[in-house]
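Visitor: only geometry, no sequence info:
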């Protein structure tokens, strides 16, 4: 797939600006669909395309839209632009460089689900992204692509950009909804799911930025075209975020199901400095890790799940042979302790336990039973909370300990990180 | 009342209210506006926002305290935030943090005596392919080296 769909801004300069976007064929799909097609027909086409949510869960988008109750005329569309999963930096590319692709896709989605008010929940740190989006919304309203009576069809859509203020949990769709309502972002017990009871008590669809941005291409070129890209059960173009120890880190648009080894060695140029690969986190820090000999796997929802991890948000973090796995897990543990919303005891306490155990292992002071205790704490966290943040902390913990246990034992025996004390010795020898 | 929005901010607040069907939903944008105007969210500011939104000060404080980007204490003129999450750590964010600490003579969570800089480490800022990186105020600085970091700080210190 050489043609870029989601990263088209890499091929067309200044695509962020409305007139450039329009001269590149932008908003033509919205115009045609609003004038010629019925909302139900759009939902069917998105269902037929096989599009699955790119935020992490991989839920079929058309099916999600279909869950809206038929009898309630008031409904909301929320765009999840709270991109916060460590290792993930794809949505930011679209928000900053191709905002009208998102807005046009929102018009199409809102038309399909018969919604007239949409919120873009963008993480607070994306101050630049929020400014760009707000400008794009103003431009689109002025150009008649958003607002009242779009293209004279009688269809209205008001779009509001809502800034978060620094909380990972707002990426969880019901946490996002609570936050949008002006509260602490405590995720809700489900069911009811947002499609039935969402923001301000009304039926709500929450979709990730990348997911929504597939909607315009699907309606422009058809569901059948979309299905020709990637595997049958999770088709379409996909944004892969690669970071860590590779020659060319970045966001790559490739067909869903691209092989992980190919991604690392062909697209990203392999590991710098002639180093060997040690491990890869394929889908953001919440998912189980792969060892170097487990990377012959296709990056789509089903293939990765079959190989024992998750595609997640596609944040691929690559680690070379020099990486200390205890240090890496300690950083991950710190993150989840910091981001636990504190609502559920197993998560609030469990994430704290995981971090303390990791500090003991790396800095010294751990007990002989602490490696087992890590596993035990992780087991007790999983499946026992309102949302999956606890699982997101437990899954990497379990996989790191299982796959790199000897390194954890070594830290235990050494009374801290052997690599770090060797570095300190080298440094003092030079001093 | 000592704390009050300017005429301009009051108009902005009125516009914010039109975005949501419920007044409470205006809390977050109003806190942003207040932080911009008053620098940080003191008890007085929280009480003022509470009055505007028609919620209790305790409720507004519970929201403000949940989100890390709302300042609960006075901050330096520039807020330096270095990502030390995994992707950045793999490519040397520790060196960047140490170099900034040394340059500014402060630790994490501290502000320089001249009030110019506050320093924090932060979690992933979605800039993983261009690490190490830091955010200063609204701007991202990516692909950092210690030299580049020092240069940025010096420019800001002079400005």
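Guide: That came through fine. The structure presented is a predicted model; accordingly, all values stated were derived computationally and were not measured.
Visitor: Would you mind measuring from residue A:387 to residue A:57?
Guide: Relative to residue A:57, residue A:387 is positioned 12 Å away (Cβ to Cβ, to the nearest Å). Bear in mind the C-beta positions are built from the backbone N, C-alpha and C, glycine included.
Visitor: So which of those two has more stuff around it?
Guide: In terms of neighbours (other Cβ atoms under 10 Å in any protein chain shown), residue A:387 is the more surrounded of residue A:387 and residue A:57; the figures are 21 against 16.
Visitor: Can you give me every residue that contacts the more buried one?
Guide: A:169, A:172, A:174, A:175, A:187 (Cβ atoms under 8 Å, 6 or more residues apart in numbering or on different chains).
Visitor: As JSON lines, the residues you listed with secondary structure, neighbour count and pLDDT would be great.
Guide: Conversion of the contacts of residue A:387 to JSON lines gives the following (DSSP: H, G, I helix; E, B strand; the rest coil; neighbours: other Cβ atoms under 10 Å in any protein chain shown; pLDDT from 0 to 100):
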{"residue": "A:169", "secondary structure": "helix", "neighbour count": "25", "pLDDT": "97"}
{"residue": "A:172", "secondary structure": "coil", "neighbour count": "27", "pLDDT": "97"}
{"residue": "A:174", "secondary structure": "helix", "neighbour count": "24", "pLDDT": "98"}
{"residue": "A:175", "secondary structure": "helix", "neighbour count": "26", "pLDDT": "98"}
{"residue": "A:187", "secondary structure": "coil", "neighbour count": "22", "pLDDT": "98"}
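Visitor: Spatially central residue in chain A, please.
Guide: residue A:313 (3.3 Å; Cα atoms, centre = their mean).
Visitor: Out of the contacts of residue A:387, flag the one nearest to chain B.
Guide: Closest to chain B out of those is residue A:169 (9.1 Å), distances taken as Cβ to the nearest Cβ.
Visitor: The closest one touches residue A:187, doesn't it?
Guide: Yes: checked against Cβ atoms under 8 Å, the pair residue A:169 and residue A:187 is within contact range at 6.6 Å.
Visitor: Name the SS class of residue A:57, please.
Guide: Assigned state for residue A:57: coil (three-state reduction, DSSP: H, G, I helix; E, B strand; the rest coil).
Visitor: correct me, but the residue nearest to the centre of chain A touches residue A:287?
Guide: No: if you go by Cβ under 8 Å, residue A:313 and residue A:287 don't touch, sitting 9.0 Å apart.
Visitor: and residue B:12, what is it in contact with?
Guide: If you count contacts by Cβ under 8 Å, 6+ apart, residue B:12 has them with B:5, B:33.
Visitor: Tell me who's in contact with the residue nearest the centre of chain B.
Guide: With the centre of chain B defined as its mean C-alpha position, the nearest residue by Cα atoms, centre = their mean is residue B:69, 4.7 Å away. When the contact criterion is Cβ under 8 Å, 6+ apart, the partners of residue B:69 are A:124, A:125, A:165, A:166.
Visitor: Now the buried members of these.
Guide: A:124, A:125, A:165, A:166 (16 or more other Cβ atoms under 10 Å in any protein chain shown).
Visitor: and chain B, which of those contact it?
Guide: A:124, A:125, A:165, A:166 (Cβ under 8 Å from any Cβ of the partner chain).
Visitor: Test my guess that the first one contacts residue A:165.
Guide: Yes: applying Cβ under 8 Å as the test, residue A:124 and residue A:165 come out as touching, 4.2 Å apart.
Visitor: Quick check: neighbours shared by those two?
Guide: Each of B:67, B:69 lies in contact with both residue A:124 and residue A:165 under the rule Cβ under 8 Å, 6+ apart.
Visitor: on that earlier part again, switch the buried ones among the contacts of residue B:69 over to JSON lines; also include secondary structure and pLDDT.
Guide: Rendered in JSON lines, the data for the buried ones among the contacts of residue B:69 read as follows (DSSP: H, G, I helix; E, B strand; the rest coil; pLDDT from 0 to 100):
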{"residue": "A:124", "secondary structure": "coil", "pLDDT": "97"}
{"residue": "A:125", "secondary structure": "coil", "pLDDT": "97"}
{"residue": "A:165", "secondary structure": "coil", "pLDDT": "98"}
{"residue": "A:166", "secondary structure": "coil", "pLDDT": "96"}
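Visitor: Just the closest of the residues you listed to residue A:239, please.
Guide: Distance from residue A:239 was checked for each of these by Cβ to Cβ. The minimum falls on residue A:125, at 19.2 Å.
Visitor: Correct me if wrong: the closest one contacts residue B:135.
Guide: Yes: the pair residue A:125 and residue B:135 qualifies as a contact (Cβ under 8 Å) at a distance of 6.3 Å.
Visitor: got the contact list for residue 124?
Guide: Picking chain A for this. Here residue A:124 is in contact with A:163, A:164, A:165, A:166, B:67, B:69 (Cβ under 8 Å, 6+ apart).
Visitor: hmm, I had chain B in mind actually
Guide: Residues counted as contacts of residue B:124 (Cβ under 8 Å, 6+ apart) are A:84, A:85, A:86, A:87, A:88, A:285, A:335, B:83, B:85, B:86, B:87, B:88.
Visitor: Residue B:107 now?
Guide: For residue B:107, the contact set (Cβ under 8 Å, 6+ apart) comprises B:101, B:119.
Visitor: Please apply the same query to residue B:139.
Guide: With contact set as Cβ under 8 Å, 6+ apart, residue B:139 has these partners: residue A:128.
Visitor: For residue A:8, see how far away it is.
Guide: Using Cβ to Cβ, which is the criterion applied here, residue B:139 is 26 Å from residue A:8.
Visitor: Sticking with residue A:402, tell me its helix or strand.
Guide: When elements are assigned from DSSP states H and E, residue A:402 belongs to helix A:389-403.
Visitor: do residue A:410 as well
Guide: Residue A:410 is part of helix A:405-414, with elements assigned from DSSP H and E.
Visitor: what's near enough to touch residue A:271?
Guide: For residue A:271, the contacting residues are A:245, A:246, A:247, A:264, A:277, A:318, A:320, by Cβ under 8 Å, 6+ apart.
Visitor: ok, now which ones touch the closest residue to residue B:148 other than its chain neighbours?
Guide: When the adjacent residues along the chain are set aside, residue B:148 lies closest to residue B:141, with 7.7 Å between them (Cβ to Cβ, 6 or more residues apart in numbering or on different chains). Neighbour list for residue B:141: B:133, B:134, B:135, B:148, B:149, B:152 [criterion: Cβ under 8 Å, 6+ apart].
Visitor: Most neighbours among those residues, which one is it?
Guide: residue B:134 (29 neighbours).
Visitor: hang on, the earlier thing: could you pull out the residues contacting both of residue A:125 and residue B:135?
Guide: When Cβ under 8 Å, 6+ apart defines a contact, the residues bordering residue A:125 and residue B:135 alike are B:122, B:125.
Visitor: What is the neighbour count of residue 138?
Guide: Using chain A here. Counted with other Cβ under 10 Å, the burial measure for residue A:138 works out to 12 neighbours.
Visitor: actually it's chain B I care about, not the one you picked
Guide: Summarising burial for residue B:138: neighbours were counted as other Cβ under 10 Å, giving 12.
Visitor: cool, the one 5 residues further on as well?
Guide: Using other Cβ under 10 Å, residue B:143 has 12 neighbouring residues.
Visitor: Could I get the pLDDT score of it?
Guide: The score at residue B:143 is 97. That number is its pLDDT.
Visitor: That one: what secondary structure?
Guide: Here residue B:143 is recorded as coil under three-state DSSP.
Visitor: Repeat that for residue B:140.
Guide: strand.
Visitor: give the contact list for it.
Guide: The neighbourhood of residue B:140, defined by Cβ under 8 Å, 6+ apart, consists of A:128, B:125, B:127, B:133, B:134.
Visitor: go on, residue A:239?
Guide: Contact analysis of residue A:239 by Cβ under 8 Å, 6+ apart lists A:6, A:7, A:54, A:90, A:93, A:210, A:251, A:252, A:253, A:314.
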